[in-house]
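Asker: using only what follows, build the 3D model:
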Amino acid sequence: MKRLGILFVAAIPMIGLSAGFQMFRYVDPVTRGVVIKPNPPKEYEWKRTAIEADGTWVLEVGAKKQIEPASLPDNVQVNRPGERAIRTPITPPIPQRPRSEQVDLPDGFGEKFANACFEGLRKSFFDPYSAKMDDYKTLRMDMDGIAVVVMLNGKNRFGAYTGSKPFHCWRHTDGKITVGEGEP
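Answerer: As a prediction, this is how the structure comes out:
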């Protein structure tokens, strides 16, 4: 059994790196260096000029792709060559955040809700057992329901705490719970 394992490991260099996926080799137009990547350049025109022995495509990179005005969103204005530039400010709509006010809930419900939120969110951390809740606040949402904002701190891969970041759990009046980063 051990001989088969050694034979298999010895055969790996003969297969090559591109056996599992397609690789592309081309001269990067910005840095002018040779690049080998698993994807062709998206923002430039390209064509295949050769295929190497290991299956790598050799590409010739051309000019930048032109954006067609038909594919642009409605709020983007394109001036054609020879036209005078029209400066009109295009402002995107500002999303309205739900209004909230900080409240103290009876019977320690705010603390219980914050602990339940913390227990649910700690599973998403790299080291869940090192996660700690620094602070919390309970909010009554103007639109509907109660939310709790917890300040969570956890360790990264180097074992250092990264600093507290806000996360929220929002319990709507219909019973649905929304969880996310930041304040709701």
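Asker: care to break the chain down by domain?
Answerer: Domain assignment for the chain by automatic domain parsing gives 12-64, 100-181.
Asker: could you single out the most deeply buried of those?
Answerer: domain 100-181 (a mean of 15; mean count of other C-beta atoms under 10 Å). The way it works is simple: take the backbone N, C-alpha and C, and place the C-beta from them, glycine included.
Asker: elements contacting the lengthiest strand in the chain?
Answerer: Taking DSSP state E as the criterion, the chain has its longest strand at strand 132-141. Judged by 3 or more C-beta pairs under 8 Å, 6 or more residues apart in numbering; DSSP states H and E, strand 132-141 is in contact with strand 100-102, helix 109-121, strand 146-153.
Asker: got TSV for those, with distance to Met133 and mean pLDDT too?
Answerer: What follows is the helices and strands packed on strand 132-141, written out as TSV (distance: least, C-beta to C-beta, whole Å; pLDDT from 0 to 100):
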stretch	distance to Met133	mean pLDDT
strand 100-102	17	77
helix 109-121	5	86
strand 146-153	5	89
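Asker: returning to what we had before: least reliable of the domains of the chain by average pLDDT, please.
Answerer: Here the domains of the chain differ in mean pLDDT, and the lowest is domain 12-64 at a mean of 78.
Asker: so what's Val34 closest to, chain neighbours aside?
Answerer: Take Val34 and drop its neighbours on the chain: the residue closest to it by C-beta to C-beta, 6 or more residues apart in numbering is Val27, 5.9 Å away.
Asker: just the helices in this protein please.
Answerer: Using DSSP state H, the helices found in the chain span residues 2-15, 109-121.
Asker: my read: Ala147 touches Met141, true?
Answerer: Yes - using C-beta atoms under 8 Å, Ala147 makes contact with Met141 at a distance of 5.5 Å.
Asker: which neighbours do the two share?
Answerer: Common neighbours of Ala147 and Met141, using C-beta atoms under 8 Å, 6 or more residues apart in numbering, are Ser100, Trp170, Pro184.
Asker: want to try JSON lines for the domains of the chain, with distance to Pro93 as columns?
Answerer: Listed next are the domains of the chain as JSON lines, based on distance: least, C-beta to C-beta, whole Å:
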{"stretch": "domain 12-64", "distance to Pro93": "28"}
{"stretch": "domain 100-181", "distance to Pro93": "18"}
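Asker: ok, the shared contacts of Ala147 and Met141 vs Pro41, which is closest?
Answerer: The nearest member of the shared contacts of Ala147 and Met141 to Pro41, counting by C-beta to C-beta, is Pro184 at 40.2 Å.
Asker: let me see the contact set for that closest one.
Answerer: Contacts of Pro184 by C-beta under 8 Å, 6+ apart are Arg97, Pro98, Ser100, Leu139, Met141, Ala147, Val149, His168, Trp170, Thr178.
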